[in-house]
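Enquirer: Return a 3D structure for these sequence lines:
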Amino acid sequence: MDNFTRVPSQMNTPATPIMEEGVQDMMKIAMDERKQAMRETCLFCALKHLSQALILIQESRQGYPLHRWLAVGHMAEAADELLEDYPELANHIRKMRITYVDDENFDPPIMKLVGQLDVMVKEQFPNGTINQNRSDNSGM
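Expert: Residues are numbered from 1 along each chain as shown. Now for the predicted structure:
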């Protein structure tokens, strides 16, 4: 099955492939908007989300199967927290999440990432005080 996208002017017509001029401009605008909406990097927040994902994966295997999807959400949040300054790490987490979505028996190496992020957090906050570094003051 082909993937088709409808542009707003085609909402009441059958789905057709986008082949019009200006589509690349629309995609560039969408990417620019995404970049503007991108979160500031928060290593501690990513560490928190991955830790929660690990717990939820364990719970999903101990009789709470729907917790799997909560773990998937936390992995997505962790990747978003890193995207701006650590895009390769964010992409690694994204790939791990997609693999887990496709194969519930996949065991994501989250503890390894938790260890790496723990080192990164300690380097960022060498005095041991973790102050929220996000400008939105949303907490952790």
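Enquirer: can you pull the pLDDT of the closest residue to residue 120 other than its chain neighbours?
Expert: Computed as C-beta to C-beta, 6 or more residues apart in numbering, the closest residue to residue 120 that is not its neighbour in sequence is residue 43, at 5.2 Å. C-beta: built from backbone N, CA, C; applies to glycine. pLDDT, residue 43: 92.
Enquirer: cool, and the one 5 residues further on?
Expert: pLDDT for residue 48: 95.
Enquirer: Which other helices and strands does the helix or strand that contains it contact?
Expert: Residue 48 is part of helix 43-60, with elements assigned from DSSP states H and E. Judged by 3 or more C-beta pairs under 8 Å, 6 or more residues apart in numbering; DSSP states H and E, helix 43-60 is in contact with helix 67-82, helix 110-124.
Enquirer: what's the burial count for the closest residue in space to residue 46 that isn't next to it in sequence?
Expert: Closest residue to residue 46 apart from its sequence neighbours, by C-beta to C-beta, 6+ apart: residue 81 at 4.0 Å. By the measure other C-beta atoms under 10 Å, the count of residues near residue 81 is 26.
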